[in-house]
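Novice: Take a look and give me a structure for this.
(one chain, ligands or ions: 1)
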Amino acid sequence: MGGEPLVVLDGVNKHFGALHVLRDVDLTVHRGEVVVVIGPSGSGKSTLCRTINRLETIDTGTITIDGKPLPAEGKELARLRADVGMVFQSFNLFAHKTVLENVTLGPVKAKGMNRAQARDNGMALLERVGVANQAGKLPAQLSGGQQQRVAIARALAMNPKVMLFDEPTSALDPEMINEVLDVMVSLAGEGMTMIVVTHEMGFARRAAHRVVFMDGGQIVEQAQPETFFTAPRSDRAKDFLSKILTH
Ligand SMILES: Nc1ncnc2c1ncn2[C@@H]1O[C@H](COP(=O)(O)OP(=O)(O)OP(=O)(O)O)[C@@H](O)[C@H]1O
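Specialist: Now for the predicted structure:
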């Protein structure tokens, strides 16, 4: 791990009326670090992810990516947003474009890459996630696990500095979960900076440098996985772990 701060959230707050969706969130993610975010339903995990690339606005606080403050809107936001690759629970692929087109359109349109280069890059990325042989198909012809791997390749095609995953396996059949997690573990092994919201504690054990536990819109506790899983400090984390680890 490089140790240099890449994503910094400082005192970030967001309210909906009386509800504190995020409250005093201070989080620094270093270059090459893999951070797994866990917590009960409604604790603010998705909002945290969406806040990092300003899909959600914040009320107070600052967000920087690679030292640059993220503005609320405008061209600069679009440029900085490209530094953040997002993979959601639903794959959000273009249904009427081929798998290869899904991974080449972004770099051609947003980065001005020429088509031949985008195609070569796209094929290399599809190879990397193990679906190169599906390049000419439409997304609906692929399994859920394959579609999610295409979604990962599409995010990587923009050459992001950090990848955010928001429950990337929760819409998948059990037998497809591991093929997506394996791709994510290999990305982590290659030094990709990653923030991953997941209920897959096996992934946290295999790849995370740090587990961040959220509850009530706050970061309640954070620690290395082995420490967090064997000796959580807070009662809320103990309670949460006792529920999910018995399933
Ligand atoms: N646009 C919104 N308007 C009102 N309330 C919202 C909005 N977005 C999120 N919330 C509320 O903020 C809280 C945090 O939501 P969030 O989706 O971030 O939690 P989460 O930890 O990701 O939950 P889950 O694990 O169920 O996906 C929830 O109580 C949710 O209902």
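
Novice: Please make it C-alpha for all contacts and neighbour counts, starting now.
Specialist: Fine.

Novice: Not counting the helix or strand of the chain with the lowest mean pLDDT itself, show me its contacts.
Specialist: The least trusted helix or strand in the chain, going by mean pLDDT, DSSP states H and E, turns out to be helix 75-81, with a mean of 79. For helix 75-81, the surrounding residues in contact (C-alpha atoms under 8 Å, 6 or more residues apart in numbering) are Asn53, Arg54, Ile65, Leu70, Pro71.

Novice: Top of those by number of neighbours, please.
Specialist: When neighbours are taken as other C-alpha atoms under 10 Å, the top entry among the contacts of helix 75-81 is Asn53 (25 neighbours).

Novice: I figured that residue was touching Gly85, is that so?
Specialist: No: the pair Asn53 and Gly85 fails to qualify as a contact (C-alpha atoms under 8 Å) at a distance of 9.1 Å.

Novice: buried stuff in the top helix by length along the chain?
Specialist: For the chain, the helix that runs over the most residues, judged by DSSP state H, is helix 174-189. In terms of neighbour count (16 or more other C-alpha atoms under 10 Å), helix 174-189 has its buried residues at Met176, Ile177, Asn178, Glu179, Val180, Leu181, Val183, Met184, Val185, Leu187, Ala188.

Novice: Repeat that for stretch 103-116.
Specialist: Counting neighbours by 16+ other C-alpha under 10 Å, stretch 103-116 gives Val103, Thr104, Leu105, Gly106, Pro107, Val108 as buried.

Novice: Pull the residues that contact it.
Specialist: Applying C-alpha under 8 Å, 6+ apart, the set of residues contacting stretch 103-116 from outside is Ala118, Arg119, Asn121, Gly122, Val150, Ala151, Ala153, Arg154, Ala155, Ala157, Met158.

Novice: Format those residues as CSV; extra columns: neighbour count, pLDDT and secondary structure.
Specialist: Shown next, in CSV, are the contacts of stretch 103-116 (neighbours: other C-alpha atoms under 10 Å; pLDDT from 0 to 100; DSSP: H, G, I helix; E, B strand; the rest coil):
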residue, neighbour count, pLDDT, secondary structure
Ala118, 22, 93, helix
Arg119, 19, 95, helix
Asn121, 19, 95, helix
Gly122, 27, 96, helix
Val150, 29, 97, helix
Ala151, 27, 97, helix
Ala153, 31, 97, helix
Arg154, 27, 96, helix
Ala155, 25, 95, helix
Ala157, 22, 94, coil
Met158, 20, 92, coil
